[in-house]
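>>> Kindly generate the corresponding structure for this input.
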Amino acid sequence: MTKVYFVLKDGKIMPSMSPGNYAGWEKSKIFGRLDCKSGKRMIKKENRVFFLAWKDAISAGYRPCKNCKPTPNDIY
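Residues are numbered from 1 along each chain as shown. Sure thing, here's the model as predicted:
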């Protein structure tokens, strides 16, 4: 069975086969890379949202994490 993730893209929650490149915390509107130390401490099922692209996070009103400093050029 394949796992389906839900990501925020163009202002809409969409199913995806990948969690995307970034994860954000809804309460503080902060997002970072999936390997971020701060992000890994986030409670997995509460207040977490995934983004396929940097621009999706920015357009949703999230700001980049000060620890991992995500950029539009991050490559995974």
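>>> Quick one: mean pLDDT over stretch 40-53.
For stretch 40-53, mean pLDDT rounds to 78.
>>> show me where pLDDT drops low in the chain?
Along the chain, the parts satisfying pLDDT under 70 run over 1, 43-45, 75-76.
>>> which helices and strands does the strand or helix carrying residue 58 pack with?
Residue 58 belongs to helix 54-59 when assigned by DSSP states H and E. Contact partners of helix 54-59 among helices and strands, from 3 or more Cβ pairs under 8 Å, 6 or more residues apart in numbering; DSSP states H and E: strand 5-9, strand 22-25. All C-beta spots, glycine's among them, are computed from the backbone N, C-alpha and C.
>>> for these, which one ends up most surrounded?
Of all the helices and strands packed on helix 54-59, strand 22-25 has the most neighbours on average by mean count of other Cβ atoms under 10 Å, namely a mean of 24.
>>> what's the offset of it from the middle of its chain?
On the basis of Cα atoms, centre = their mean, to the nearest Å, strand 22-25 sits 3 Å off its chain's mean C-alpha point.
>>> rewinding a little: Serialize the helices and strands packed on helix 54-59 to JSON lines and add fields for distance to residue 53.
As requested, those are exported to JSON lines (distance: least, Cβ to Cβ, whole Å):
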{"stretch": "strand 5-9", "distance to residue 53": "8"}
{"stretch": "strand 22-25", "distance to residue 53": "8"}
